[in-house]
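Participant: quick one: sequence plus predicted model below, questions after.
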Amino acid sequence: MACNGYRPVFQKQLNPYDPRGGLNCTCYSGAMAAQYHTCGDTYITGKRVRELTGDTSGGTTLVQVDYALNKKGINLATYVGSYRLTWNQFTAKLNSGMGAIVQGGYNAIYKTRFSGSETFTGNHAIYVNPGWIGMDPLADGRRAGIYKYHGEKYPAWLIKNFAGQLILNPSTGRRLGYGYVWCSFTRDNTYTPPRSAYQYKVTIPRGTFIRYYSRDGVIYKYTKHKTGGFSAYCGAPRVFPATRAMPFDSRTGVYILTGAYKGWLVGASHAKEI
């Protein structure tokens, strides 16, 4: 499975549907990791991840979330305790195409422009998509001064500081330490095959074209974009059913695999077998 450029749907932990949302940062980060792990074929809420842990009090651990997602057929690689990663090991995995749930101390984030709270400094978890796209469940822009997720790349130094500030012992204040990371990784969902491996190519002429968005293989949204024209390799065409909110029942589409638009779903009428 490969879905170069795919980003999961952002989930905010503070919402009216989850009474434990304030404690479910690891669960919501895990829900976004699950989406990336399956290239969007599995959409699960952070609230549901919490239910699958069977734990109804306090926060949750990476191991609990890993076990919960196992029930959905998703197996993350979790590195905690003596299996912690060094920063170099972490960056190598993230740069290879894996997504990561990272636990850390929010005191490293709350005074920066990326902060999702003006006062919270305790342990927290965020999801980091390949490309260093930070997806903090607290970053919902709920009021002025709160950062709102919009697909921005987080600075590596910020994530490194955050990871090292994870509080391991609240009574003594002992932290994980700078240069170490507790995290759970998804599978590597990026793939750049040799040219001979591509079987389809998409050509978009100059003008306006439509990008479709799918969740669990179902189109739920589309947007129009202008281009000066481009060509790229793409996957095989397949039919995507649409939600009732769409003005059509289905579309035959292809995922773009290379270039600036990789990961985008466009109409198969632009694609040809090569």
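Facilitator: Noted; the coordinates are in hand. Numbering: from 1, shown residues only.
Participant: quick one: the strands in the stretch 101-250 of the chain, in order.
Facilitator: Taking DSSP state E, counting those that start in this stretch to define them, one finds strands in the stretch 101-250 of the chain at 123-129, 133-135, 167-169, 174-175, 180-188, 200-204, 207-215, 218-227, 230-234, 238-241, 250-255.
Participant: for residue 89, which of those is the nearest?
Facilitator: Residue 89 sits nearest to strand 180-188 of all the strands of the stretch 101-250 of the chain, at 7.9 Å, using C-beta to C-beta. No exception for glycine: its C-beta is placed from N, CA and C like everyone else's.
Participant: direction included, what does that closest one pair up with?
Facilitator: strand 77-79 (antiparallel), strand 85-86 (antiparallel), strand 98-105 (antiparallel) (DSSP bridges).
Participant: got the phi and psi for the residue nearest to residue 253 when sequence neighbours are not counted?
Facilitator: Setting aside the residues directly before and after it, residue 253 is nearest to residue 265 in space (C-beta to C-beta, 6 or more residues apart in numbering), at 4.9 Å. Main-chain torsions, residue 265, degrees, to the nearest 10: phi -100, psi 120.
Participant: any idea how far residue 265 lies from residue 169?
Facilitator: According to C-beta to C-beta, to the nearest Å, residue 265 and residue 169 sit 47 Å apart.
Participant: now do residue 219
Facilitator: Applying C-beta to C-beta, the value for residue 219 to residue 169 is 48 Å.
Participant: what do you get for residue 185?
Facilitator: 25 Å.
Participant: repeat that for residue 228.
Facilitator: For residue 228, the distance to residue 169 - C-beta to C-beta - is 57 Å.
Participant: for the stretch 51-200 of the chain, give me the ranges with low pLDDT.
Facilitator: For the stretch 51-200 of the chain, applying pLDDT under 70 flags the ranges 191-197.
Participant: where do the helices sit along it?
Facilitator: Remark: helices assigned in the stretch 51-200 of the chain by DSSP state H, counting those that start in this stretch are 62-70, 87-96, 156-164.
Participant: tabulate those in CSV, adding columns for distance to residue 234 and mean neighbour count.
Facilitator: Formatted as CSV, the helices of the stretch 51-200 of the chain follow (distance: least, C-beta to C-beta, whole Å; neighbours: other C-beta atoms under 10 Å):
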stretch, distance to residue 234, mean neighbour count
helix 62-70, 30, 20
helix 87-96, 23, 16
helix 156-164, 31, 20
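Participant: redo those as a markdown table? Include distance to residue 9.
Facilitator: What follows is the helices of the stretch 51-200 of the chain, written out as a markdown table (distance: least, C-beta to C-beta, whole Å):
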| stretch | distance to residue 9 |
| --- | --- |
| helix 62-70 | 16 |
| helix 87-96 | 20 |
| helix 156-164 | 21 |
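Participant: longest single helix anywhere in the chain?
Facilitator: Longest helix in the chain, counting residues (DSSP state H): helix 25-37.
Participant: output that one in CSV with nothing but the alpha carbons.
Facilitator: Taking C-alpha atoms only, helix 25-37 is exported to CSV below (Å, rounded to 0.1, in the frame of the first residue of the first chain):
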residue,chain,number,x,y,z
CYS,A,25,-4.8,13.6,23.2
THR,A,26,-3.1,10.3,22.6
CYS,A,27,-6.3,8.7,21.4
TYR,A,28,-7.0,11.5,18.9
SER,A,29,-3.4,11.4,17.7
GLY,A,30,-3.8,7.7,17.3
ALA,A,31,-7.0,8.1,15.3
MET,A,32,-5.1,10.3,12.8
ALA,A,33,-2.3,7.8,12.7
ALA,A,34,-4.8,5.1,11.9
GLN,A,35,-6.0,7.1,8.9
TYR,A,36,-2.6,7.5,7.6
HIS,A,37,-1.6,3.9,8.3
